[in-house]
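S.K.: I'll drop the sequence and a predicted model, then ask my questions.
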Amino acid sequence: MTEQNSAAAEPPNESVVAERAVLRTAGRDGLILVAGLAVLGSVVGYLIGGMPGVWGALVGAALAGLFCGATVVSMMLTVGKGAAATGAVVMGGWLVKMAILIAVLAVLSRQDFYDRWVLMVVVMIGAVGSAVLDYRAVKDGRIPYVQPDARA
């Protein structure tokens with residue numbers, strides 16, 4: 001058996017399994033947050049501004065979903081990799097998200113089908129909510145800090 005095949009047959013270590021569990025929790029919670037923002041934001045947006053409020057809430061929820069999902073996916077891609085790889089992917093993902101956000105806001109600035117205030121509030125709630133949920137997932141995750149030495 002070659003070294004590559006034996007490495008592929010090894011089960012992932014405890015840390016990798018725990019990190020994936022944390023990221024699955026963060027992803028699930030992010031989906032729930034985005035769904036809640038879309039539904040509740042649409043109702044409140046409709047009460048505040050009619051259909052433009054609904055569109056503002058839906059666009060805001062979509063942007064929040066992009067940010068939540070992209071972060072979890074970029075982290076999932078780097079589980080078990082080194083700090084440099086993780087940092088590069090996360091920073092690259094952040095730059096791509098910023099470029100998309102600027103492009104979407106530039107296009108939307110010339111449109112009038114949505115309520116700008118509802119969009120802004122939904123995006124802000126999504127950003128803060130996502131950060132809180134990510135923190136909670138990491139805080140409650142059981143990721144070992146030290147790996148036992150297998151040679152001992």
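M.R.: Ah, there it is.

S.K.: and after the helix or strand in which residue 21 is found, which helix or strand comes next?
M.R.: If you go by DSSP states H and E, residue 21 is part of helix 14-49. Scanning forward in sequence from helix 14-49 by DSSP H and E, the next helix or strand is helix 51-77.

S.K.: Distance from the chain centre to stretch 118-127, please.
M.R.: 15 Å (Cα atoms, centre = their mean, to the nearest Å).

S.K.: Same question for stretch 116-131.
M.R.: Relative to its chain's centre, stretch 116-131 lies at 14 Å (Cα atoms, centre = their mean).

S.K.: average pLDDT across that stretch?
M.R.: The pLDDT scores in stretch 116-131 average 93.

S.K.: Which residue is the nearest non-sequential neighbour of the most centrally placed residue in the chain?
M.R.: Centroid check for the chain by Cα atoms, centre = their mean gives residue 68 as the closest residue, at 2.2 Å. Leaving aside its chain neighbours, residue 68 sits nearest to residue 30 (3.5 Å; criterion: Cβ to Cβ, 6 or more residues apart in numbering). Every residue, glycine included, has its C-beta placed from N, CA and C.

S.K.: Helix or strand with the lowest mean pLDDT in this structure?
M.R.: helix 3-9 (a mean of 51; mean pLDDT, DSSP states H and E).

S.K.: ok so, going back, what residues sit buried inside the helix holding residue 21?
M.R.: 17-20, 22-23, 25-27, 29-30, 33-34, 37-38, 41-42, 44-46, 48-49 (16 or more other Cβ atoms under 10 Å).

S.K.: One more: stretch 49-62?
M.R.: Within stretch 49-62, the residues that count as buried by 16+ other Cβ under 10 Å are 49, 52-62.
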